[in-house]
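Enquirer: Okay, sequence plus prediction incoming.
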Amino acid sequence: AASVRRVVIVSCNPHGFTLRRDYVVKGGSLAANLRVLCGSRGRGAPFALQRAIPIDMFPHTPHVELVLLLERGVPLPQVSSS
């Protein structure tokens, strides 16, 4: 597990992310999984959230998919203030 450098998570309903129970950590929501993956308690270096991209695959519904890219050993991207 410590050799994994990149994880991509696809959430089918980011609006209900605290209610979902089918993510990386058994029984955990998306928020709980991000705390585990990005925290210091896991095996290996923690992951850092690099990108979060909403994708509207079904424009006739109110839902969007949320794609998250997490990487180990990569500095956090700089956010422009402009």
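Expert: Okay, I see it.
Enquirer: which residues of the protein score low on pLDDT?
Expert: Applying pLDDT under 70 to the chain flags residues 1, 13-28, 42, 75-82.
Enquirer: Strands of that one, residue ranges please.
Expert: 6-11, 47-55, 65-72 (DSSP state E).
Enquirer: what helices or strands is the second one leaning on?
Expert: To tie it back to what came earlier, the one meant is strand 47-55. Counting contacts by 3 or more C-beta pairs under 8 Å, 6 or more residues apart in numbering; DSSP states H and E, strand 47-55 packs against helix 30-38, strand 65-72. From N, CA and C alone the C-beta is placed, and that goes for glycine too.
Enquirer: Nearest to Val10 among those would be which one?
Expert: Val10 sits nearest to strand 65-72 of all the helices and strands packed on strand 47-55, at 5.4 Å, using C-beta to C-beta.
Enquirer: could I get the strands of the chain as TSV with distance to Ser40 and mean neighbour count?
Expert: Putting these into TSV (distance: least, C-beta to C-beta, whole Å; neighbours: other C-beta atoms under 10 Å) gives the following:
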stretch	distance to Ser40	mean neighbour count
strand 6-11	16	14
strand 47-55	11	14
strand 65-72	12	18
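Enquirer: of all those strands, which lies closest to Leu30?
Expert: Short answer: strand 6-11, nearest of the strands of the chain by C-beta to C-beta, at 5.3 Å.
Enquirer: what inclination does the closest one have with respect to strand 65-72?
Expert: Here strand 6-11 runs at an angle of 160 degrees relative to strand 65-72 (axes from the mean of the first three to the mean of the last three C-alpha atoms, to 10 degrees).
Enquirer: Tell me what angle strand 6-11 forms with strand 47-55.
Expert: Computed by the same axes, to 10 degrees, the angle between strand 6-11 and strand 47-55 is 40 degrees.
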